[in-house]
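Peer 1: Below: sequence and its predicted model.
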Protein chains: 2
Amino acid sequence: MSSEMTIQQFQDLIRDRYFSTDSARGVSKTFLWLTEEFGELSHALGEFERGNADLENLAEEFADVLAWLVTIANITGIDLTDAIIKKYVIDGGPKGTK
Amino acid sequence: MSSEMTIQQFQDLIRDRYFSTDSARGVSKTFLWLTEEFGELSHALGEFERGNADLENLAEEFADVLAWLVTIANITGIDLTDAIIKKYVIDGGPKGTK
């Protein structure tokens, strides 16, 4: 695993390591976990906006939100690479703004 | 770009295509945009939980949240691949649960 990590590899890593506990927890409770991390990211972004950025913490909060987002994709059977390619790559993606 | 798309490639794609408008919009307003997409994802997950899953729409909402998350990472200068590797790959990541 390196800087060349694919979205698929990260989704597989989270599935291999945590799927049994994640699927037992289920969508609703895992969404609460994701939202908790989303709140932590918002706090880190607030600190950034107030000029008190802790970039190491900010990076970690981004990683956590991504990990929990990937977790729910795993539970619901969504392939994130396919989803991104369909929305943002085929036909050049949304024009002007997302 | 294919199913082998790396996290870095997606971050670069979003940067190349949208950075000028994204950076002008700034962190706070872009976070509002992200949160709007987060709400749309939560609605799609609610439909999934109620047995009314629209998997195509659900996949699109995951893609949109990812795209806006990547957007804010771009604005704040965070490398998502580095962030993920530091948190989830080095030393095997968090144990037991994330």
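Peer 2: Structure's in. What do you need?

Peer 1: in chain A, what spans have low per-residue confidence?
Peer 2: For chain A, applying pLDDT under 70 flags the ranges A:1-2, A:95-98.

Peer 1: Would you quantify the distance from the residue lying closest to A:E60 once chain neighbours are set aside to A:F10?
Peer 2: Once flanking residues are discounted, A:E60 sits nearest to B:K87: 5.6 Å by CB to CB, 6 or more residues apart in numbering or on different chains. To be clear about C-beta, it is placed using only N, CA and C from the backbone, and glycine gets the same treatment. According to CB to CB, to the nearest Å, B:K87 stands 11 Å off from A:F10.

Peer 1: For the two, indicate the residue with more neighbours.
Peer 2: The neighbour count for B:K87 versus A:F10, taken as other CB atoms under 10 Å in any protein chain shown, is higher for A:F10 (25 against 20).

Peer 1: which element is that one on?
Peer 2: Assigned by DSSP states H and E, A:F10 belongs to helix A:7-49.

Peer 1: sec struct for the most far-flung residue of chain A relative to its centre, please.
Peer 2: Farthest-out residue of chain A from its mean C-alpha position, per CA atoms, centre = their mean: A:G51, at 25.1 Å. At A:G51 the chain is in coil, as set by DSSP: H, G, I helix; E, B strand; the rest coil.

Peer 1: Relative to B:V27, how far out is it?
Peer 2: Applying CB to CB to A:G51 and B:V27 gives a distance of 12 Å.

Peer 1: May I ask which helix or strand encompasses the spatially most central residue of chain A?
Peer 2: Within chain A, one residue has its C-alpha closest to the average C-alpha position: by CA atoms, centre = their mean, that is A:L66, at 1.8 Å. Using DSSP H and E, A:L66 maps to helix A:55-76.

Peer 1: quick one: buried residues of that helix?
Peer 2: Of the residues in helix A:55-76, A:58-76 count as buried by neighbour count, 16 or more other CB atoms under 10 Å in any protein chain shown.

Peer 1: ok, residues contacting the helix or strand following that helix?
Peer 2: Downstream of helix A:55-76, the first helix or strand assigned by DSSP H and E is helix A:80-84. Residues outside helix A:80-84 that contact it (CB atoms under 8 Å, 6 or more residues apart in numbering or on different chains): A:6-8, A:11, A:70, A:73, B:3, B:5, B:10, B:59-60, B:62-63, B:66-67.

Peer 1: cool, and stretch A:48-55?
Peer 2: Residues from elsewhere that reach stretch A:48-55 (CB under 8 Å, 6+ apart): A:A44, A:E47, A:L58, B:V27, B:S28, B:T76, B:G77, B:I78.

Peer 1: filter the residues you listed to the buried ones?
Peer 2: A:A44, A:L58, B:V27, B:T76, B:I78.
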